[in-house]
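A.B. asks: Dropping the sequence and predicted coords here.
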Amino acid sequence: MNTKFKIAIAIFAGAALGAGATQVLHAQAKLKAYSISEQEILDNAAEAAYIPEARHLIDAAHGRSLRTTNGRVVAIEGEAPKHVGLNEWNSVDDAVAYYKSKARADLAPQRDKANKTIRRYVVEVER
């Protein structure tokens, strides 16, 4: 077998293995998720003090606050909540772990003084 033919076979085999490995890694990747919290602000000063601490904990738990807490909410169909918090997570598992964490539970007194959660849920995003 000549050397050029061996090199061509090696390149083709390497490309095929690389493509297969890429497919396996993509199949193992977890889907991103978003948590949505519909809230009523009870105390603006307490909310202003609570938000930075909550965002720090979200960051530490592999989440990203989309900073919508004080953003405008506009109803298109049905009734819109007054305030909405959105967070992006690497996976549903990361979001659930955060919401069940001791660190978050320790902030409960501040959170309860600052706002009342009407509804909260996590949505997994398809690729």
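C.D. replies: Noted; the coordinates are in hand.

A.B. asks: switch to C-alpha atoms for all contacts and neighbour counts from now on
C.D. replies: Noted.

A.B. asks: I'd like to check which residues are in contact with the residue lying closest to Ile41 once chain neighbours are set aside.
C.D. replies: Take Ile41 and drop its neighbours on the chain: the residue closest to it by CA to CA, 6 or more residues apart in numbering is Asn115, 4.3 Å away. The neighbourhood of Asn115, defined by CA atoms under 8 Å, 6 or more residues apart in numbering, consists of Gln39, Glu40, Ile41, Leu42, Asp43, Glu47.

A.B. asks: Give the PyMOL command for selecting the buried subset of those residues.
C.D. replies: Selecting the buried subset of the contacts of Asn115 in PyMOL, with 16 or more other CA atoms under 10 Å as the burial test, is done by:
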select buried, resi 39+41+47
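
A.B. asks: Out of the contacts of Asn115, list just those in strands.
C.D. replies: Gln39, Glu40, Ile41 (DSSP state E).

A.B. asks: domains for the protein, by residue range?
C.D. replies: 1-30, 33-124 (automatic domain parsing).

A.B. asks: helices or strands up against the helix or strand where Ala54 lies?
C.D. replies: Element membership of Ala54 [criterion: DSSP states H and E] is helix 44-60. Judged by 3 or more CA pairs under 8 Å, 6 or more residues apart in numbering; DSSP states H and E, the packing partners of helix 44-60 are strand 63-65, helix 102-106, helix 108-114.

A.B. asks: rerun at 10 Å
C.D. replies: Packing partners of helix 44-60 (3 or more CA pairs under 10 Å, 6 or more residues apart in numbering; DSSP states H and E): strand 63-65, strand 83-89, helix 92-99, helix 102-106, helix 108-114, strand 115-124.
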